[in-house]
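Trainee: Test case, fold it:
(4 chains)
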There are 2 protein chains.
Amino acid sequence: MDPEERRRAVAEAVFRVVCRDGLEHASLRNVAAEAGLAIGSVRHYFAGHTELMVFAMREMSARLITRLTVHAEHLLDPSEPLTSAERLETAVRMLAEMLPLDEERRTEAVVWLSFAATARTRPELRAHADELYDGLLALTTRILEGARRAGRLHPEADIALEARRLCALLDGLSLEAAFHPGRLDACTMLAVLRAHLTALTPSAG
Amino acid sequence: MDPEERRRAVAEAVFRVVCRDGLEHASLRNVAAEAGLAIGSVRHYFAGHTELMVFAMREMSARLITRLTVHAEHLLDPSEPLTSAERLETAVRMLAEMLPLDEERRTEAVVWLSFAATARTRPELRAHADELYDGLLALTTRILEGARRAGRLHPEADIALEARRLCALLDGLSLEAAFHPGRLDACTMLAVLRAHLTALTPSAG
DNA sequence: TCTTTTATAGCACGGCCATGCTATGTTTTA
DNA sequence: TAAAACATAGCATGGCCGTGCTATAAAAGA
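Mentor: Residues are numbered from 1 along each chain as shown, chains lettered A, B, ... in the order given. Prediction:
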């Protein structure tokens, strides 16, 4: 088996363990068992526990960024002009990629938040956590700037502030759906996001 | 020393350890050292590690609820009518109690989010986490209902949805300030909150 | 075919942990 | 003053952990 593929398979096992049992149980032993490998095999691909965690965190952020970028290209590509309704729908769909709307994305949100919480006191993870946060802020800023250019934003809106607000909303929805499972269904999350974006456009006022 | 006071002092030590080193380091040994006690002494007041964690989580939620309730009484007391500007200011101040605007409240946010993350996979903590979340949702709902009665809310606004949106915003701001220290200052958080509440009132449109 | 590299596996050590149990002061009560 | 209750302290056990190191098998290259 290809080494890189193997590493990714082990990272998948990390995700499953973190989601099911919590990050505190993602020991080399438990991850190896989850991956169906001996602990020695896992250590053949990763120098130690720290390297495994860093790789898994990288893998997760890469996954999120890839998904978001695909949608961002559709939304921000000026070659295919969109109607305002299409614009709103595309924006909702893109930002919804960040929300735990299905089991797969819920797992991602849980894992990501677990890593972010741990990164707070772990220097080797802090950079990645902050990086993704900055990326999210930059992305929402670009979306709002695009909306302004298309005349789909209140003229007096403060883009930097609104980007912060949109980020906080997305993070908050993810947090609640991840940490309080069952209290926030996909439908409600989408409705909240749609309401927020609609309130930002002038036609809604 | 009064037993209950001693228990609270130990809980304070838990908060310091969690904030400084992370919840995964809040062992009986580390907490005892932080509190300046022997491990046996801590165990005299708490049956075990689990009981200590549950008590600390209770203590933290009680602290948050107490602070919020004080402000809520001011805001929702119909005996002293407020001007619209006062209403907005009071609402901002009350909801700001939930935000990590200073070091004390940042500690609380960090500790609370750490507990909430852990509670996801720990039955004995889950109830407390969900309870506080429900309380926050109920509180924002009451505030929005009060605003509606005072004519300070768009008539067509969906209160249940807006309560969810406000909760998510507050949770998101707390999350970002707690997990990405230095990237979100108190001033910006307040500005975001104020912008959100202002956008909910009809005079702003 | 023989050798070298790669993959898989796991033992053994020392560290930190929770906890059962015991010991020693210290206060309160009789 | 004697005894009972409480507070403080810590030892000993057994468990999970990361990691250094070794062992065996498979594959690749000579």
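
Trainee: from here on, contacts and neighbour counts on C-alpha atoms
Mentor: Will do.

Trainee: give me every residue that touches A:Val10.
Mentor: A:31-32, A:35, A:42 (CA atoms under 8 Å, 6 or more residues apart in numbering or on different chains).

Trainee: most surrounded residue in those residues?
Mentor: A:Val31 (25 neighbours; other CA atoms under 10 Å in any protein chain shown).

Trainee: Now do the SS call for it.
Mentor: Per DSSP: H, G, I helix; E, B strand; the rest coil, the local secondary structure of A:Val31 is helix.

Trainee: roughly how far apart are it and A:Val18?
Mentor: Applying CA to CA, to the nearest Å, the value for A:Val31 to A:Val18 is 9 Å.

Trainee: The helix or strand encompassing A:Cys19 close to DNA strand D?
Mentor: Element membership for A:Cys19 (DSSP states H and E) is helix A:3-21. No. Helix A:3-21 lies out of reach of DNA strand D by CA under 7 Å from any atom of the strand, never closer than 10.5 Å.

Trainee: what does the average pLDDT come to for that helix?
Mentor: Helix A:3-21 shows a mean pLDDT of 96.

Trainee: Likewise for stretch A:117-129?
Mentor: What stretch A:117-129 shows for mean pLDDT is 97.

Trainee: got the CA coordinates for that stretch in CSV?
Mentor: Written as CSV, here are the backbone C-alpha positions of stretch A:117-129 (Å, rounded to 0.1, in the frame of the first residue of the first chain):
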residue,chain,number,x,y,z
ALA,A,117,-9.5,23.4,21.7
THR,A,118,-6.4,21.4,22.3
ALA,A,119,-4.3,23.7,20.1
ARG,A,120,-4.9,26.5,22.6
THR,A,121,-2.2,25.0,24.9
ARG,A,122,-0.1,23.1,22.3
PRO,A,123,2.3,25.3,20.3
GLU,A,124,2.8,22.7,17.6
LEU,A,125,-0.9,22.9,16.7
ARG,A,126,-1.6,26.5,17.4
ALA,A,127,-0.4,27.7,14.0
HIS,A,128,-2.7,25.4,12.1
ALA,A,129,-5.7,26.4,14.2
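
Trainee: looking at chain A, which helix or strand does the model trust least?
Mentor: Taking mean pLDDT, DSSP states H and E as the measure, the helix or strand of chain A with the lowest value is helix A:84-96, at a mean of 87.

Trainee: where does the closest residue to DNA strand C within chain A land in three-state SS?
Mentor: At 3.3 Å from DNA strand C, A:Gly40 is the closest residue in chain A, using CA to the nearest atom of the strand. What three-state DSSP gives for A:Gly40 is helix.

Trainee: from memory A:Ala129 sits against A:Thr121, does it?
Mentor: No. Using CA atoms under 8 Å, A:Ala129 is not in contact with A:Thr121, being 11.4 Å away.

Trainee: Quick one: list the elements packing against the least confident helix or strand of chain A.
Mentor: Helix A:84-96 is packed against helix A:49-76, helix A:186-200, with contacts defined by 3 or more CA pairs under 8 Å, 6 or more residues apart in numbering or on different chains; DSSP states H and E.

Trainee: Chain B is nearest to which of these?
Mentor: helix A:186-200 (5.9 Å; CA to the nearest CA).

Trainee: I would like the residues contacting that closest one, please.
Mentor: With CA under 8 Å, 6+ apart as the criterion, helix A:186-200 contacts A:88, A:92, A:96, A:99-102, A:152-154, A:170, A:173, A:204-205, B:161-162, B:164-165.

Trainee: Just the buried residues of the residues you listed.
Mentor: Using 16 or more other CA atoms under 10 Å in any protein chain shown as the burial test, those include A:88, A:92, A:96, A:99-101, A:152-154, A:170, A:173, B:161-162, B:164-165 as buried.

Trainee: Next one, pLDDT for A:Leu76 please.
Mentor: The predicted local confidence for A:Leu76 is 73.

Trainee: Tell me, how many residues neighbour it?
Mentor: A:Leu76, neighbours per other CA under 10 Å, totals 19.

Trainee: How is chain A partitioned into domains?
Mentor: A:1-46, A:54-204 (automatic domain parsing).

Trainee: circling back: among the contacts of A:Val10, which are in reach of chain B?
Mentor: Counting by CA under 8 Å from any CA of the partner chain, nothing from those sits close to chain B.

Trainee: Kindly reformat the residues you listed as a markdown table containing pLDDT and distance to A:Pro81.
Mentor: Below are the contacts of A:Val10 laid out as a markdown table (pLDDT from 0 to 100; distance: CA to CA, whole Å):
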| residue | pLDDT | distance to A:Pro81 |
| --- | --- | --- |
| A:Val31 | 98 | 47 |
| A:Ala32 | 98 | 50 |
| A:Ala35 | 97 | 46 |
| A:Val42 | 98 | 49 |
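
Trainee: nearest to A:Thr83, of those residues?
Mentor: A:Ala35 (47.2 Å; CA to CA).

Trainee: roughly how far apart are that closest one and A:Ser41?
Mentor: 10 Å.

Trainee: For stretch A:57-75, list the C-alpha coordinates in CSV.
Mentor: Extracted C-alpha coordinates of stretch A:57-75, given in CSV (Å, rounded to 0.1, in the frame of the first residue of the first chain):
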residue,chain,number,x,y,z
MET,A,57,-5.0,18.2,11.9
ARG,A,58,-3.4,19.2,8.6
GLU,A,59,-5.4,16.5,6.8
MET,A,60,-8.6,17.8,8.3
SER,A,61,-7.9,21.5,7.4
ALA,A,62,-6.9,20.5,3.9
ARG,A,63,-10.2,18.7,3.4
LEU,A,64,-12.2,21.7,4.6
ILE,A,65,-10.2,24.2,2.5
THR,A,66,-10.6,22.0,-0.6
ARG,A,67,-14.3,21.9,-0.3
LEU,A,68,-14.7,25.6,0.4
THR,A,69,-12.4,26.5,-2.5
VAL,A,70,-14.4,24.6,-5.0
HIS,A,71,-17.5,26.6,-4.1
ALA,A,72,-15.7,29.9,-3.8
GLU,A,73,-14.5,29.6,-7.4
HIS,A,74,-18.1,29.2,-8.6
LEU,A,75,-19.2,32.1,-6.6
